[in-house]
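K.L.:
no sequence for this one, just the structure:
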């Protein structure tokens, strides 16, 4: 016989499948152990779903399970049934399954889904039927899978998705590409599923970020109750865009649901031509418009750290008051590596309004990004007197956007406001961003500034609240599946969403 079981994720398909095997085995004691072939698309998915379920059931006393042969075989209830596990991504498993003799075959998640499932090849179904040759057992095939389209929850096809090397539109991704998961690591795209023209909604967040998603798109969120124990998030649960709209329409308190923030993004380490702290200090308090690179700082701590981190054969000479110039030890005829680096990075000639952070430093390892941020905050950053907040200010919108990138990529949040020009002495709009970083990320390199900061209370933990959800024009939509077990990935403006 053939048993087809549809069940939503989390409703016990896998444990129900094991229970059914034991029930069938109990009907044929003369054939013990009943041989069961369990077939899945990949070994990774067997390890992710079946093996944890078997261990949990054993602990809870639902059955007795002995896992052996490196996890490829499992004895149930002292030999009533034996499970033989086959991952179809393993050529040896696929070959072994062709000649396998079984009393039952269990095909788990045979269809491709926007999940961790890439699907089982169609010829496996034929092999399953021909393998049912164990004597004394009523041949049986059971198929467990999610309901059709349960996992297809799309975003707007133009949504940027974070990858290890830059932003890519979700509609341009292909299976095998790598994107960034919520824990900051790279994970593989296992499926891409266009969904055509769909009604879309703009989900807005408290830091100004927004994402376009369909009404059934799921979001991992924390409620106020979840954010207990001094702000440490303990429970994540799923809600849809539609549920978010309903909650906001009911005028429930706005700042109740938050989405998780990513852990520091683990971009690959790349060699840089200039120490990141030095570059940050020069972007904050440096002069780059002339042939000589200068530092204007009244803080001895900044001056000393810049001096300490300059390349060999380069020194910092004091000119007057707070002005210093970076010179080559060999004189003007000797190439100055700092000048060369500034030119190579495209910063030569930049003044306060046009400064920016080069991409090489943005898309680099966390340690590089943090050192750069500390250089910027030591010069143009500020810690409030109460020690609860940090801010950064600049007239360069490009530089401010770069600082926002650094903070968000390190797991923090920002909020930006503009200060209008006040007259001839301040003719340009000033952009000020408030910064909140997670515990363990030190915003300043200067000890005196860090000493101002108080331990973060529950109120001042970095959070991204859901504050709005409005309908927009319908457009093409796409969803992806990722290999990471949390099934979360990072999209536009470092928003964490579900596959």
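P.N.:
In hand now; what should we look at? Not measured: the values here are computed from a predicted model.

K.L.:
for the host helix or strand of residue 360, packing partners?
P.N.:
Element membership for residue 360 (DSSP states H and E) is helix 359-362. Contacts of helix 359-362 with other secondary structure elements, assessed using 3 or more Cβ pairs under 8 Å, 6 or more residues apart in numbering; DSSP states H and E, are made with helix 366-380, helix 397-409. Placement of C-beta: from N, CA and C, glycine included.

K.L.:
report the buried residues of that helix.
P.N.:
For helix 359-362, a neighbour-count test (16 or more other Cβ atoms under 10 Å) marks 360-362 as buried.

K.L.:
low-confidence ranges in the protein?
P.N.:
Screening the chain residue by residue with the criterion pLDDT under 70, one finds the ranges 4-11, 110-123, 146-152, 225-235, 252-255, 457-460.

K.L.:
how about 50 then?
P.N.:
Per-residue confidence for the chain (pLDDT under 50) gives these ranges: 112-118, 148-150, 230-233.

K.L.:
just give the number of residues close to the closest residue to residue 400 other than its chain neighbours.
P.N.:
Counting by Cβ to Cβ, 6 or more residues apart in numbering, the nearest residue to residue 400 once its immediate chain neighbours are dropped is residue 431, at 4.3 Å. The criterion is other Cβ atoms under 10 Å. On that basis, residue 431 has 20 neighbouring residues.

K.L.:
and residue 431, what helix or strand is that in?
P.N.:
Following DSSP H and E, one finds residue 431 within strand 430-436.

K.L.:
show me what that strand is packed up against.
P.N.:
Using 3+ Cβ pairs under 8 Å, 6+ apart as the contact definition, the elements that strand 430-436 packs against are strand 390-394, helix 397-409, strand 413-419.

K.L.:
mind putting those into CSV with distance to residue 482 and mean neighbour count?
P.N.:
As requested, the helices and strands packed on strand 430-436 are exported to CSV (distance: least, Cβ to Cβ, whole Å; neighbours: other Cβ atoms under 10 Å):
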stretch, distance to residue 482, mean neighbour count
strand 390-394, 33, 21
helix 397-409, 19, 22
strand 413-419, 23, 16
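
K.L.:
columns distance to residue 263 on top of these, output as JSON lines?
P.N.:
Formatted as JSON lines, the helices and strands packed on strand 430-436 follow (distance: least, Cβ to Cβ, whole Å):
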{"stretch": "strand 390-394", "distance to residue 263": "20"}
{"stretch": "helix 397-409", "distance to residue 263": "10"}
{"stretch": "strand 413-419", "distance to residue 263": "14"}
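
K.L.:
next SSE downstream of the strand holding residue 431?
P.N.:
Once the chain leaves strand 430-436, the next helix or strand it forms, by DSSP H and E, is helix 447-450.

K.L.:
mind listing the strands the strand holding residue 431 pairs with, and their directions?
P.N.:
Using DSSP bridges, the neighbouring strands of strand 430-436 in the sheet come out as strand 390-394 (antiparallel), strand 413-419 (antiparallel).

K.L.:
would you reformat the ones you listed as TSV and include distance to residue 160?
P.N.:
Written out in TSV, the entries for the strands paired with strand 430-436 read as follows (distance: least, Cβ to Cβ, whole Å):
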stretch	distance to residue 160
strand 390-394	24
strand 413-419	17
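
K.L.:
now for those, which one comes closest to residue 325?
P.N.:
Across the strands paired with strand 430-436, the minimum distance to residue 325, taken as Cβ to Cβ, is reached by strand 390-394, at 22.5 Å.

K.L.:
what sits up against stretch 212-228?
P.N.:
153-156, 159, 195, 198-203, 233-242, 244-245, 256-260, 458, 463, 466, 472, 475, 477, 479, 488, 496-498 (Cβ atoms under 8 Å, 6 or more residues apart in numbering).

K.L.:
repeat that for stretch 374-382.
P.N.:
Stretch 374-382 is contacted from outside by 276-285, 297, 299, 301-302, 305, 390-394, 403, 406, 435, 442-446, 449, using Cβ under 8 Å, 6+ apart.

K.L.:
quick one: buried ones out of those?
P.N.:
Neighbour-count burial (16+ other Cβ under 10 Å) is assigned, among the contacts of stretch 374-382, to 276-285, 297, 299, 302, 305, 390-392, 394, 403, 406, 435, 443-446, 449.

K.L.:
that older thread, out of the helices and strands packed on helix 359-362, which comes closest to residue 93?
P.N.:
helix 366-380 (38.2 Å).

K.L.:
got the buried residues for the closest one?
P.N.:
366, 368-380.

K.L.:
quick one on the thing from earlier: now do the helix holding residue 360: distance to the chain's middle.
P.N.:
Helix 359-362 has its average C-alpha position 19 Å from the chain's average C-alpha position, going by Cα atoms, centre = their mean, to the nearest Å.

K.L.:
and stretch 395-406, by the same measure?
P.N.:
Centroid displacement of stretch 395-406 relative to its chain, using Cα atoms, centre = their mean, is 21 Å.

K.L.:
over to stretch 128-145?
P.N.:
Distance of stretch 128-145 from the chain centroid (Cα atoms, centre = their mean) equals 41 Å.

K.L.:
over to stretch 60-71?
P.N.:
33 Å.

K.L.:
also stretch 309-319?
P.N.:
Once both centres are worked out by Cα atoms, centre = their mean, stretch 309-319 turns out to sit 39 Å from its chain's centre.

K.L.:
buried sites along it?
P.N.:
Of the residues in stretch 309-319, those buried by neighbour count under the rule 16+ other Cβ under 10 Å are 309-311, 314, 316.

K.L.:
how about those residues in CSV, adding secondary structure and distance to residue 70?
P.N.:
Shown next, in CSV, are those (DSSP: H, G, I helix; E, B strand; the rest coil; distance: Cβ to Cβ, whole Å):
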residue, secondary structure, distance to residue 70
309, coil, 50
310, coil, 54
311, coil, 52
314, strand, 57
316, strand, 60
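
K.L.:
most widely separated two among those residues?
P.N.:
Comparing all pairs in the buried residues of stretch 309-319 by Cβ to Cβ, the longest separation belongs to 311 and 316, at 11.6 Å.

K.L.:
residues shared between the contacts of those two?
P.N.:
Residues touching both residue 311 and residue 316 by Cβ under 8 Å, 6+ apart: none at all.

K.L.:
still on that earlier bit, buried members of the contacts of stretch 212-228 into ChimeraX, please.
P.N.:
Listed next is the ChimeraX selection for buried residues among the contacts of stretch 212-228, using 16+ other Cβ under 10 Å:
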select :153,154,155,156,159,195,198,200,201,203,236,239,240,241,244,245,256,257,258,259,260,463,466,477,479,488,496,497,498
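
K.L.:
so which of the contacts of stretch 212-228 are in strands?
P.N.:
For those, the ones inside strands are 155-156, 195, 198-203, 237-240, 258-259, 466, 472, 475, 477, 479, 488, 496-498, with DSSP state E as the criterion.

K.L.:
what's the distance between residue 174 and residue 448?
P.N.:
Computed as Cβ to Cβ, to the nearest Å, the residue 174 to residue 448 distance reads 50 Å.

K.L.:
contacting residues around the strand holding residue 431?
P.N.:
By Cβ under 8 Å, 6+ apart, the surrounding residues in contact with strand 430-436 are 377, 381, 389-397, 400, 403-404, 407, 412-419, 443, 460-463.

K.L.:
stretch 326-340 now?
P.N.:
Counting by Cβ under 8 Å, 6+ apart, stretch 326-340 makes contact with 273-274, 278, 291-295, 310-311, 313-317, 348, all of which sit outside it.

K.L.:
now the helices and strands packed on helix 359-362 in TSV, with distance to residue 17?
P.N.:
As requested, the helices and strands packed on helix 359-362 are exported to TSV (distance: least, Cβ to Cβ, whole Å):
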stretch	distance to residue 17
helix 366-380	42
helix 397-409	42
